[in-house]
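A.B. asks: Based on what follows, work out the 3D shape:
(one chain, ligands or ions: 1)
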Amino acid sequence: MRVGLGFDVHRFAVGRPLVLGGVVIPAEKGLLGHSDADVLVHALMDALLGALALGDIGDHFPDSEARYQGASSVKLLEEVCALVRNRGYRVHNVDLMILAEVPKLAPYKAAMIDLLAPVLGVTREDVSIKATTMEGMGFVGRKEGIAAQAVATLVPIEADGVKD
Ligand code: MG
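C.D. replies: As a prediction, this is how the structure comes out:
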C-alpha cells in the first residue's frame, strides 16, 4: 500500500463560483485561481500524485499553460486517476478535510462524495469528506480563503482478489 498527502489553499474572491469537490455551492464569494480553484480536488490530486511520488499538480498542470485556464478540476482529477491506473495502482480510500469558516458545508458533503467516488473508481464508503471551521483563528478564521487537506491510499491492481 502507498500513502499520499495533499494540502491546498485558495483565497476568496467576489464574482467567482465556489466549487468544492466538483460541486458548485451557493456562496457570497468563490475562490480565486487559474482553474476553477477547487481547493478540495487540488489537495486530493496532490495526495494521489504523492502516493506514487509523481510530483505535484503544478508539475502536471502548470498554471502557465492557457489550456488550464478555468479548467474543471474534476477533469484534471480524471487524468490523475488514469495516471494512477497506468502505474498499476488503484485508489483504496481517501480522507478529505475542508477548513472553511464560511459557508456551512455539511449539506453538500454527500453530493461531493457522490461525484468523486466514481471518478476515483471506489464506492462511497471509501470516500470520507469532513469539514471544520478554524474557530475564528488564522486566515481561514478571518474568512480570507479556504484550505483543504487530503490523504489517499493506493494498492496495486494486481492485489485485487477480493475487494477488502
Ligand atoms: Mg490549488
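A.B. asks: what number of residues lie near the closest residue to Thr132 other than its chain neighbours?
C.D. replies: Leaving aside its chain neighbours, Thr132 sits nearest to Leu99 (5.9 Å; criterion: CB to CB, 6 or more residues apart in numbering). (Each C-beta comes from the backbone N, C-alpha and C, glycine too.) Number of residues near Leu99 (other CB atoms under 10 Å) recorded here: 21.
A.B. asks: Pro156 too?
C.D. replies: Neighbour count of Pro156, defined by other CB under 10 Å: 12.
A.B. asks: Touching, it and Tyr89? I think so.
C.D. replies: Yes - with contact defined as CB atoms under 8 Å, Pro156 reaches Tyr89; the gap is 5.9 Å.
A.B. asks: list the contacts for whatever residue of the chain ends up closest to the ion?
C.D. replies: With CB to the ion as the measure, His42 is the residue of the chain nearest to the ion, at 3.6 Å. His42 is in contact with 6, 8, 10, 35, 57, 73, 148, counting by CB atoms under 8 Å, 6 or more residues apart in numbering.
A.B. asks: Could you verify that it is part of a helix?
C.D. replies: Yes - counting by DSSP: H, G, I helix; E, B strand; the rest coil, His42 falls inside a helix.
A.B. asks: In terms of secondary structure, what does the worst-scoring helix or strand of the chain on mean pLDDT contact?
C.D. replies: Lowest on mean pLDDT, DSSP states H and E among the helices and strands of the chain sits helix 57-60, with a mean of 94. Packing contacts for helix 57-60, counted by 3 or more CB pairs under 8 Å, 6 or more residues apart in numbering; DSSP states H and E, involve helix 39-51, helix 73-86.
A.B. asks: Of the ones you listed, which stretch is the most buried?
C.D. replies: helix 39-51 (a mean of 27; mean count of other CB atoms under 10 Å).
A.B. asks: That one versus helix 73-86: what angle between them?
C.D. replies: For helix 39-51 against helix 73-86, the angle by axes from the mean of the first three to the mean of the last three CA atoms, to 10 degrees is 20 degrees.
A.B. asks: Quick one: name the residues of this structure near the ion.
C.D. replies: 8, 42 (CB under 5 Å from the ion).
A.B. asks: Tell me the bridge partners for Ile155.
C.D. replies: Careful, residue 155 is Val and not Ile. For Val155, the beta-bridge partners under DSSP bridges are Arg90.
A.B. asks: for Ala147, same thing?
C.D. replies: Counting by DSSP bridges, Ala147 is bridged to Val9, Leu99.
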